[in-house]
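A.B. asks: Task: produce atomic coordinates for the following.
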Amino acid sequence: QVQLVESGGGLVQAGGSLRLSCTASGRTFSTYVAGWFRQAPGKERQSVGAITWSGGSTYYADSVKGRFTISRDTAKNTVYLQMNSLKPEDTAVYYCAVDRLFSDSTWYRPEVYDYWGQGTQVTVSS
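C.D. replies: Now for the predicted structure:
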């Protein structure tokens, strides 16, 4: 079992930056992948990106490429989402999630993830 706790959300002006953290408790394994998702009101949950636990390979949605960076600190069991050049359309609740078995064909699909955090609100004002 893995428990995930996100932090770092808040209110920021357009063009600003925020860093979200997601700390995992419980056992983690080299096959795991950690994903970041977001959900705006009235919209479906969408992938932001993902990072493999062992090698640190990263994957990003086209909408955030070049602006967002995912990293991890395996010693701290923590994954980060650095968000730069934020836009009002980035406003959403952001979730981290863990899939126990990574596949490069499914990292963007929320239904394959096994564990989820509670979410943290990010609001970008124009």
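A.B. asks: any weak-confidence spans in this structure?
C.D. replies: Within the chain, no range satisfies pLDDT under 70.
A.B. asks: those strands in this structure, which residues are they?
C.D. replies: 2-7, 10-13, 18-26, 33-39, 46-52, 58-60, 68-73, 78-83, 92-99, 115-116, 120-125 (DSSP state E).
A.B. asks: measure the spatially closest residue to residue 31 that is not a sequence neighbour to residue 4 for me?
C.D. replies: Nearest-residue entry for residue 31: residue 101, 5.3 Å, with adjacent residues in sequence omitted and distances by Cβ to Cβ, 6 or more residues apart in numbering. Quick note: C-beta positions are derived from backbone N, CA and C, even for glycine. Look at residue 101 and residue 4: by Cβ to Cβ, to the nearest Å, they are 17 Å apart.
A.B. asks: Pick out whichever of the two has more residues nearby.
C.D. replies: The neighbour count for residue 101 versus residue 4, taken as other Cβ atoms under 10 Å, is higher for residue 4 (21 against 11).
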